[in-house]
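S.K.: Below are the sequence and a predicted model; questions follow.
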Amino acid sequence: MSISTHGLRVRRGPQSLRAAVELFSSMRFAISLLTIICIASIIGTVLKQHEPIGNYINQFGPFWSELFHTAKLDSIYSAWWFLLILLFLVISTSLCIGRNTPRIAADLKTFKEDIRAQSLKAFGQRAETVLAETPEAAANRIGQLLAGGGWKVKLQRRDLSVSAANGSPDASGWMVAARAGGAHKLGYIAAHSAIVLICLGGLLDGDLVVRAQTWFNGKSVFAGGGMIADVAPEHRLSASNPTFRGNILVPEGGRSSVAILNQSDGVLLQELPFSIELKKFIVDYYSTGMPKLFASEVVLHDRETGKETPARIEVNHPASYKGVEIYQSSFDDGGSSVKLKAVPMAAAAKPFEVEGVIGGPSVAITNGADKLTLEFAALRVINVENFADPQANGAVDVRKVDLRHDFESRLGAANKTDKPKTLRNIGPSIGYKLRDAAGQAREYQNYMIPVDTGDGQPVFLLGMRERPEDQFRYLRVPADDQGSMDGFVRMRSALADPALRARAIDRYIARAADPKRPELGEQLRTSATRALALFSGAERARSDAVSAGGWQAIAEFMEVNVPKAERERAGAVLVRILNDVLFEVLNLSRETAGLAALPPDDKSQAFLTQSVLAISDAHFYPAPVAMMMTDFKQVQASVFQVARAPGKNVVYLGCLLLITGIFAMLYVRERRLWIWLSPKRAEGDVVSGTDASMAFSVNRKTLDSDREFEHLKHKLLAFSKQNPVSPVSPDSPQTP
């Protein structure tokens with residue numbers, strides 16, 4: 001029996017109904033639906049799901065983000081059209097199974113022993129011989145041999161008269177019919193049943209049940225903010241919800257019993273039948289600073305009985321309680337307390353100190369004319385950066401698992417190599433936001449300790465970005481001989497003081513000018529005074545100048561006042577003069593603080609060079625102060641994924657059936673064998689033996705089937721050496 005691809009053909013009823021039934025029950029329709037589901041799943045894998053709409057706008061633009069949202073590509077697995085396709089696939093595959101199963105079952109029960117003896121001559125693999133035993137004895141012997149070899153056998157005795165239909169006599173005899181490999185057809189049922197089970201499991205464990213509660217049970221998605229305890233009941237799902245998958249954050253020493261279910265347009269809150277208390281969070285790191293183990297020691301409190309159940313949850317080692325699986329997903333900050341010191345980045349700014357809690361209330365700060373709101377965003381104690389990559393932008397968050405980057409580093413074009421990495425932990429950092437009166441916020445990330453980036457001069461990294469999708473841009477402030485930013489702050493403060501600038505110029509003139517040529521000294525004083533005023537921002541190159549100081553101001557001055565042909569030579573002279581004057585400013589700032597002047601060596605020159613670059617770039621720093629962390633008390637928090645998945649076992653069963661079915665269809669061959677045994681009559685109708693004619697049929701002809709036929713031919717028909725097997729023509733047609 002062959003499996004047909006057409007559907008059920010209804011003989012009665014309207015033409016449209018008959019066509020619909022035939023379409024839905026056809027195999028080609030099921031394959032088409034399965035192809036669409038595969039394509040949609042690829043899109044859902046590439047495109048991040050359930051992200052805020054702002055993330056899609058920033059990444060793809062307003063047009064494509066609106067298209068994705070309208071087509072529900074940002075939430076494919078809960079989209080109505082995806083669930084509808086799954087439902088139709090279940091119906092179509094079930095109809096295919098229902099249509100073919102009775103035919104398969106009937107075919108497995110029949111041996112086709114009624115086949116005509118003359119029909120065996122039409123098979124491609126056949127053999128004929130003469131046996132020295134009687135037909136009955138040969139039939140019993142052959143049947144026992146086949147049964148011992150795992151074949152199912154049926155013997156039929158025929159005692160027929162002359163057939164009037166064809167006018168030729170059909171001798172009496174025995175037909176031996178055998179079959180093997182029936183699991184091949186059972187593989188069809190198993191594979192298609194597996195598709196139904198996997199789709200049903202996907203429907204059970206997907207968002208269908210959750211969405212159904214928002215459609216029919218009065219629940220709605222919450223799109224606001226605030227405390228979890230203040231969220232209204234219509235945004236909460238009961239603890240008896242049969243299926244869900246969400247995240248829950250629990251700080252050390254804290255308890256929580258409400259999970260967050262992310263939706264494309266907000267969140268839903270899922271009540272749990274227990275609360276999770278985090279006793280201790282354990283994290284272990286490699287020498288590079290990357291985590292090699294993080295685990296949570298928790299106590300599960302039953303909300304009905306109050307029973308306490310201790311458990312340890314690790315990655316790939318979840319805990320289970322009341323049908324809910326608890327997985328270790330990640331870790332985060334649980335409300336660490338930090339102390340920050342404001343470092344002035346503008347002339348009018350003043351230093352101050354402030355304390356706060358990560359994720360806690362914001363603090364209003366006033367610094368001169370600037371009124372800002374300080375929001376404590378993140379504390380990262382471990383920061384790992386690849387110092388072998390010159391394009392590296394900022395440190396790597398050790399909580400992030402970037403599988404896409406890992407795959408791309410190993411797959412793709414042949415010229416893509418896995419570059420060596422130099423990973424190093426560069427210490428704690430504080431992330432915060434400064435929000436202005438208009439509500440616009442910029443995000444900052446500053447490192448607590450100085451970092452040696454490879455040139456021998458340690459620097460403090462002050463990061464800033466305008467938008468969340470941007471990379472951090474870093475201002476590199478040099479650390480002084482005490483390992484602090486005080487040297488940079490003193491130098492910048494001295495540069496803003498006109499009196500100290502004048503004293504620095506006097507010292508430079510006294511050291512660099514020839515006392516015998518006072519006119520050259522005055523020219524040098526004029527150039528040094530103008531250059532220092534431009535660099536400090538006290539003077540503008542022109543009224544519409546963009547820059548308020550730094551090297552950009554020097555460049556604008558030269559574009560206006562120096563001919564293009566002379567700019568290179570004049571620029572070199574001006575840079576040398578300015579560096580010498582700034583060295584005097586640096587030493588004056590140290591003397592004012594009661595410190596010894598720096599000697600003119602390479603170490604002092606390296607600090608001066610980085611300080612000058614930092615002062616120049618600081619004119620573009622968009623905040624009057626940089627908040628530097630002076631102390632912190634870390635509080636860890638575990639991020640758990642909690643899931644109730646009743647369809648999991650259904651999917652496991654479907655996967656088992658799929659593997660079994662595909663294996664049966666690919667590697668099990670259905671074989672059928674017929675042997676017609678009739679008495680051989682000599683002259684005078686004296687029986688002198690048995691004429692044996694054998695035919696072999698297989699659903700997929702291979703070299704193994706040829707070898708099996710040869711084996712059966714010699715084992716079953718070569719009863720004695722005096723009974724050779726007659727050769728057959730390989731060109732004989734085979735019955736379908």
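M.R.: Happy to help now that I have it.

S.K.: how close does Glu113 sit to Ala139?
M.R.: 11 Å (CB to CB, to the nearest Å). All C-beta spots, glycine's among them, are computed from the backbone N, C-alpha and C.

S.K.: I'd like the average pLDDT over the helix or strand harbouring Ser688.
M.R.: Element membership for Ser688, per DSSP states H and E: strand 687-698. Confidence for strand 687-698, expressed as mean pLDDT, is 86.

S.K.: Give the other helices and strands that that strand contacts.
M.R.: strand 125-131, helix 135-148, strand 671-681, helix 703-712 (3 or more CB pairs under 8 Å, 6 or more residues apart in numbering; DSSP states H and E).

S.K.: So for Gln457, which of those sits nearest?
M.R.: Each of the helices and strands packed on strand 687-698 has some distance to Gln457 by CB to CB; the shortest is helix 703-712, at 74.1 Å.

S.K.: Kindly calculate the angle that the closest one makes with strand 125-131.
M.R.: In terms of direction (axes from the mean of the first three to the mean of the last three CA atoms, to 10 degrees), helix 703-712 departs from strand 125-131 by 10 degrees.

S.K.: which of the residues in helix 703-712 are buried?
M.R.: For helix 703-712, burial by neighbour count (16 or more other CB atoms under 10 Å) applies to 705, 708-709, 712.

S.K.: before we move on, what about stretch 300-312?
M.R.: Applying a neighbour-count criterion of 16+ other CB under 10 Å, one finds 300-301, 311 buried in stretch 300-312.

S.K.: quick one, phi/psi of Phe111?
M.R.: Phe111 adopts backbone torsions of phi -110, psi -10, taken as degrees, to the nearest 10.

S.K.: for it, what are its contacts?
M.R.: Going by CB atoms under 8 Å, 6 or more residues apart in numbering, Phe111 touches 152-154, 177-179.

S.K.: What lies in contact with the strand holding Ser688?
M.R.: Outside of strand 687-698, the residues that reach it under the criterion CB under 8 Å, 6+ apart are 117, 120-121, 123, 125-135, 138, 669-682, 705, 708-709, 712-713, 716-717, 734-735.

S.K.: Report the buried members of these.
M.R.: For those, a burial check counting by 16+ other CB under 10 Å picks out 117, 120, 123, 125-131, 133, 135, 138, 669-680, 705, 708-709, 712-713, 716-717.

S.K.: ok so, going back, may I ask which of the contacts of Phe111 has the most neighbours?
M.R.: Counting neighbours by other CB atoms under 10 Å, the top entry in the contacts of Phe111 is Ala178, with 25 neighbours.

S.K.: elements contacting whichever strand or helix holds that one?
M.R.: Element membership for Ala178, per DSSP H and E: strand 173-180. If contacts are counted by 3+ CB pairs under 8 Å, 6+ apart, strand 173-180 sits against helix 135-148, strand 152-158, strand 671-681.

S.K.: the helices in the stretch 551-700 of the chain, which residues?
M.R.: 551-561, 567-592, 602-618, 648-667 (DSSP state H, counting those that start in this stretch).

S.K.: List the buried residues in the longest one.
M.R.: Of all the residues in helix 567-592, those buried under the rule 16+ other CB under 10 Å are 574, 577-578, 580-590.

S.K.: quick one on the thing from earlier: just so I know, which of the helices and strands packed on strand 173-180 lies nearest Ala105?
M.R.: By CB to CB (comparing all of the helices and strands packed on strand 173-180), the closest turns out to be strand 152-158, at 14.5 Å.

S.K.: helices or strands up against the closest one?
M.R.: Checked by 3+ CB pairs under 8 Å, 6+ apart, strand 152-158 has helix 135-148, strand 173-180 packed alongside it.

S.K.: Now render these as TSV, adding distance to Thr70 and mean pLDDT.
M.R.: Conversion of the helices and strands packed on strand 152-158 to TSV gives the following (distance: least, CB to CB, whole Å; pLDDT from 0 to 100):
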stretch	distance to Thr70	mean pLDDT
helix 135-148	65	92
strand 173-180	56	93
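
S.K.: Reformat the ones you listed as CSV; add distance to Glu355.
M.R.: Shown next, in CSV, are the helices and strands packed on strand 152-158 (distance: least, CB to CB, whole Å):
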stretch, distance to Glu355
helix 135-148, 88
strand 173-180, 81
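
S.K.: surely Gly201 meets Gly654?
M.R.: Yes. With contacts counted by CB atoms under 8 Å, Gly201 reaches Gly654, the gap being 6.3 Å.

S.K.: highest average neighbour count across the helices and strands packed on strand 152-158?
M.R.: strand 173-180 (a mean of 24; mean count of other CB atoms under 10 Å).

S.K.: what residues go with each domain of this protein?
M.R.: 15-107, 113-181+669-717, 208-242+244-334+637-644, 489-627 (automatic domain parsing).

S.K.: The shortest one: end-to-end distance?
M.R.: To tie it back to what came earlier, the one meant is domain 15-107. 31 Å (CA to CA, to the nearest Å).

S.K.: Repeat that for the second one.
M.R.: End-to-end distance of domain 113-181+669-717 (CA to CA): 19 Å.

S.K.: With the longest one instead?
M.R.: End-to-end distance of domain 489-627 (CA to CA): 13 Å.

S.K.: want to throw the helices of the stretch 551-700 of the chain into TSV with distance to Arg380 and mean pLDDT?
M.R.: Output for these, formatted as TSV (distance: least, CB to CB, whole Å; pLDDT from 0 to 100):
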stretch	distance to Arg380	mean pLDDT
helix 551-561	32	84
helix 567-592	33	89
helix 602-618	23	90
helix 648-667	35	91
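
S.K.: Which of the residues in stretch 23-41 are classified as buried?
M.R.: For stretch 23-41, burial by neighbour count (16+ other CB under 10 Å) applies to 24-27, 29-30, 33-34, 37, 40.
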